[in-house]
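1. Sequence first, predicted model second:
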Amino acid sequence: MPAKFADATPVSIPLHLVAEDTLDDWLESQTDTKRSWVEANGFSGALGQTLVFPKDDGSISMALAGCGTPATRSRGRFHLAGAAAKLPTGIYHLETVLIHETLMIETLGWLLAAYRFDRYAKAPPMKAELVAPEGVNAELLVALAEGEMLTRDLINTPASDMGPPDLENTARSLAEKHGADISVITGDDLLTQNFPMIHAVGRAADRAPRLIDMRWGSSGKKLTLVGKGVCFDTGGLNIKPGVSMGLMKKDMGGAAAVLGLAHMIMSTGMKVQLRVLIPAVENAISSNAFRPQDILTSRKGLTVEINNTDAEGRLVLADALALADEEKPDQIISMATLTGAARVAVGPDLAPYFSDDPAFVAALEASANKNADPVWRLPFHAPYEPMIEPGIANLDNAPSGGFAGCITAALFLRRFVTDSPYAHFDIYGWQPTAAPARAKGGVGQATRAVFAALETLMTK
């Protein structure tokens, strides 16, 4: 869905942001009538609280949005969005001066609060519109919001309408919109062109596996994004229990994230040579599904013993990462809904990532804080390398024991990137409960932080 600001209008409604500890100061400069109205309605400046002031004709003269306290603000983000969703119909402009970074985050939150997934059932739109505040980069905020909304739409769409061909069609539409080139290797052609693990994981499904390869930009540093596109994951022959299979439409969240990030990069004209690789498959159950104890030979030549067919994401990513590394780009980034261990470690709200590049880490941590897009660094812990070496093959796709599952998965992926700087994100891609600017359902994670970090690192 499109993201947009309201056109400026002389009759837009002034919106004042008032915190609990500044309410008394604000009231001192107001009329007795307004002070009485605030008191009569119990407005305290609590986080997310709103109050509108009527004119004599019943229309709105102005509105207040509560900003809470430092303690309540520290427990969430996109605070203005929580109030915006409660405001009545109207076009509003911010009357309160905010520091630039806060203004950018809160304004972006307003745009994201307007998101609705209405493909299958109509949802009422948000009633309140915002005029872009003076001093914000409105075009940048729209690009960020649109990229996030694309990611959400893709994750929210059920596998019946978001299989490998549909993911390909989305990538083609995005390429056409931005003038990018795209090619796709499908079905048995994956074998002839040496992508054996992508083929093995996806061959049991009626909808053929494929590798989507999109390129954009002719100058600047080379950046390759790799996204896990498992459009539905039954677990394969190691079938998941029903409670674990219920959200597996989101197992292509890594692909959705990199497509959203690609939109941000292309929409803003970042000076990079961008490549997006998406292995798009379904991990299905059939007589020709790959099996436990099979040994697969990857594109890189490394052999992999299959000890659990439900650890399939790292297999398809491995072939795509090997391809990415052959070009030796300046940066490779993979994003994937890869392990339950990552969720146990940091929960659904944080995006754990792995990188040994101090410059990338510093840029990412700084941009994550500035963009309300939290990440958490986990280590490529070399002493765990023997855990992914089964002896009968070079690598084990599912080490026994259950310890350090997200770290061993990251170490597995790193074996396929030997000549390029590499960072890996093990995201969740799902908002379990609604929060300001984040409806329950699919959600982007780390993409805004990565985008801002890349602006620093790739465009110097």
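-> Arrived safely, thanks for sending. Numbers count the residues shown, from 1 in each chain.
2. Which neighbouring elements make contact with whichever strand in the chain runs longest?
-> If you go by DSSP state E, the chain has its longest strand at strand 272-283. Secondary-structure packing of strand 272-283 (3 or more Cβ pairs under 8 Å, 6 or more residues apart in numbering; DSSP states H and E): helix 164-178, helix 196-202, strand 210-216, strand 221-227, strand 229-233, helix 253-267, helix 313-326. C-beta coordinates here come from the backbone N, C-alpha and C atoms, glycine included.
3. out of these, nearest to Thr33?
-> In terms of Cβ to Cβ, the element of the helices and strands packed on strand 272-283 nearest to Thr33 is helix 253-267, at 46.2 Å.
4. model confidence over the closest one, on average?
-> Helix 253-267 shows a mean pLDDT of 98.
5. What of stretch 199-215?
-> On average, stretch 199-215 scores 98.
6. partner strands of the longest strand of the chain, parallel or antiparallel?
-> strand 210-216 (antiparallel), strand 221-227 (parallel), strand 229-233 (parallel) (DSSP bridges).
7. and Gly227, how far is that from Leu277?
-> 8 Å (Cβ to Cβ, to the nearest Å).
8. of these two, who's got more company?
-> For Gly227 versus Leu277, neighbours defined as other Cβ atoms under 10 Å are more numerous around Gly227 (32 against 24).
9. wait, doesn't the more buried one sit right on Leu338?
-> No. In this structure, Gly227 is not within contact of Leu338 by Cβ atoms under 8 Å, at 11.1 Å.
10. Between these two, which contacts overlap?
-> Gly254 (Cβ atoms under 8 Å, 6 or more residues apart in numbering).
11. Which other helices and strands does the helix or strand encompassing Tyr353 contact?
-> Assigned by DSSP states H and E, Tyr353 belongs to strand 351-355. If contacts are counted by 3+ Cβ pairs under 8 Å, 6+ apart, strand 351-355 sits against helix 340-346, helix 358-370, strand 375-377, helix 405-414, strand 422-426.
12. Check the offset of the longest strand of the chain from the chain's centre.
-> Its chain's average C-alpha position is 15 Å from that of strand 272-283, according to Cα atoms, centre = their mean, to the nearest Å.
13. Also stretch 408-427?
-> Relative to the chain's own centre, stretch 408-427 is displaced by 18 Å; criterion: Cα atoms, centre = their mean.
14. Show me which positions of that stretch end up buried.
-> Of the residues in stretch 408-427, those with enough neighbours to count as buried (16 or more other Cβ atoms under 10 Å) are 408-417, 420-427.
15. ends of that stretch, how far apart?
-> Counting by Cα to Cα, to the nearest Å, you get 15 Å between the two ends of stretch 408-427.
16. Give me the residue ranges of the chain where confidence is low.
-> 1 (pLDDT under 70).
17. Break it down into its domains, please.
-> Per the record, the chain has its domains at 13-136, 141-458, by automatic domain parsing.
18. For the ones you listed, could you give me TSV that also reports distance to Phe5?
-> Below are these laid out as TSV (distance: least, Cβ to Cβ, whole Å):
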stretch	distance to Phe5
domain 13-136	4
domain 141-458	7
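19. right, and the ones you listed - which one's nearest Pro2?
-> Nearest of those (Cβ to Cβ): domain 141-458, 6.8 Å.
20. The spatially closest residue to Phe403 that is not a sequence neighbour: how many residues sit nearby?
-> Spatial nearest neighbour of Phe403, excluding adjacent residues (Cβ to Cβ, 6 or more residues apart in numbering): Met387 at 7.6 Å. If you count neighbours by other Cβ under 10 Å, Met387 ends up with 19.
21. same check, this time on Gln431
-> Neighbour count for Gln431, taken as other Cβ under 10 Å: 20.
22. Give the bridge partners for it, please.
-> For Gln431, the beta-bridge partners are Gly441 (DSSP bridges).
23. contacting residues for it?
-> 348, 438-443.
24. Isn't Glu365 up against Val375?
-> Yes. Contact between Glu365 and Val375 holds when scored by Cβ under 8 Å: they sit 7.2 Å apart.
25. So between those two, which is more surrounded?
-> With neighbours defined as other Cβ under 10 Å, Glu365 and Val375 compare such that Val375 has more, 23 against 16.
26. does the more buried one really touch Ala449, like I thought?
-> Yes. Between Val375 and Ala449 there is a contact at 5.7 Å, judged by Cβ under 8 Å.
27. hey, what's in contact with both of those two?
-> 351, 364, 368.
28. Against Tyr353, how distant is the last one?
-> So the one you mean is Ala368. Per Cβ to Cβ, Ala368 is found 9 Å from Tyr353.
29. Tell me which other helices or strands the biggest helix by length in the chain touches.
-> The single longest helix within the chain, with elements called by DSSP state H, is helix 138-156. Applying 3+ Cβ pairs under 8 Å, 6+ apart, one finds that helix 138-156 makes contact with helix 100-113, helix 164-178, helix 253-267, strand 441-442, helix 447-458.
30. So which of those is the most surrounded?
-> For the helices and strands packed on helix 138-156, the largest average neighbour count (mean count of other Cβ atoms under 10 Å) is found in helix 253-267, namely a mean of 28.
31. picking that back up, tell me how far the longest helix of the chain lies from the chain's centre.
-> Centroid displacement of helix 138-156 relative to its chain, using Cα atoms, centre = their mean, is 9 Å.
32. Kindly report the same for stretch 267-276.
-> 17 Å.
33. Kindly report the same for stretch 22-42.
-> So, by Cα atoms, centre = their mean, the centroid of stretch 22-42 is 41 Å from its chain's centroid.
34. contacting residues around Trp110?
-> 80-81, 84, 130, 437.
35. need these in TSV with neighbour count, distance to Leu174 and secondary structure, can you?
-> Shown next, in TSV, are those (neighbours: other Cβ atoms under 10 Å; distance: Cβ to Cβ, whole Å; DSSP: H, G, I helix; E, B strand; the rest coil):
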residue	neighbour count	distance to Leu174	secondary structure
Leu80	27	29	helix
Ala81	25	26	helix
Ala84	28	28	helix
Leu130	24	27	strand
Ala437	29	23	coil
